[in-house]
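[1] Quick one: sequence plus predicted model below, questions after.
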Amino acid sequence: MSTQPAMSNVTDSTPASATTTSEQRDSMAWLLRQFAVETPGVLHAVLISRDGLRLLDSDVDKDWADELSAAFSGIASLAANTTGPTSRKRPVRQVIIERDDALFFVQRAGRSAAFENHPGNERGEVNTILAVIATRDADAGTVGFEMGRLVQKFAPYMVIPVRVGTGGEVR
């Protein structure tokens, strides 16, 4: 018996708005936990708001998840607001930090209406960031690719999903 919540809107044309925001959050939480369990090298995953508050996590200690959320939000903001070699700010596809003990990955995940009571909610929507902690020897390409797939699976729950290019990279 699967512990997966009803997720008909992931595989058929039923819009996410046909479900309650609580059901949407439950489905997203299930997807996040499955990603952490099934992706080789991934230890933890956290969906955070752009303003640095934890929305969902893959059963991470809540205090640590809150700390990670604030840090990863800052990293995403720095990356997005840094002028590149073209003298322009460009959307960030992914940030990877390599440490002696882990790899950290950060990607934008879209704007969701599933967190209506969340502080920082603008017009019923919250901009989200997906943060992942992986083992030091994890295959960064595989983790990044699977993160992009997870962001695609989140799309039915997003008001504005992240666009995905032809090569599978998140934009």
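    Yep, it's here.

[2] contacts, neighbours, all on C-alpha from now
    Fine.

[3] I figured residue 105 was touching residue 96, is that so?
    Yes: assessed by Cα atoms under 8 Å, residue 105 is found in contact with residue 96 at 4.6 Å.

[4] who are the neighbours in contact with residue 95?
    By Cα atoms under 8 Å, 6 or more residues apart in numbering, the contact set of residue 95 is 76, 79, 104-107.

[5] swap the cut-off to 6 Å and go again
    Taking Cα atoms under 6 Å, 6 or more residues apart in numbering, we find residue 95 in contact with 105-106.

[6] what bits of this protein have low per-residue confidence?
    Applying pLDDT under 70 to the chain flags residues 1-18, 117-123, 160-171.

[7] all helices for it, in order.
    8-11, 21-38, 62-80, 140-154 (DSSP state H).

[8] Dump the ones you listed into a markdown table; add distance to residue 113 and mean neighbour count as well.
    Below are those laid out as a markdown table (distance: least, Cα to Cα, whole Å; neighbours: other Cα atoms under 10 Å):
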| stretch | distance to residue 113 | mean neighbour count |
| --- | --- | --- |
| helix 8-11 | 15 | 14 |
| helix 21-38 | 7 | 19 |
| helix 62-80 | 19 | 17 |
| helix 140-154 | 12 | 19 |
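
[9] TSV for those helices, including distance to residue 124?
    Formatted as TSV, these follow (distance: least, Cα to Cα, whole Å):
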stretch	distance to residue 124
helix 8-11	20
helix 21-38	11
helix 62-80	20
helix 140-154	17
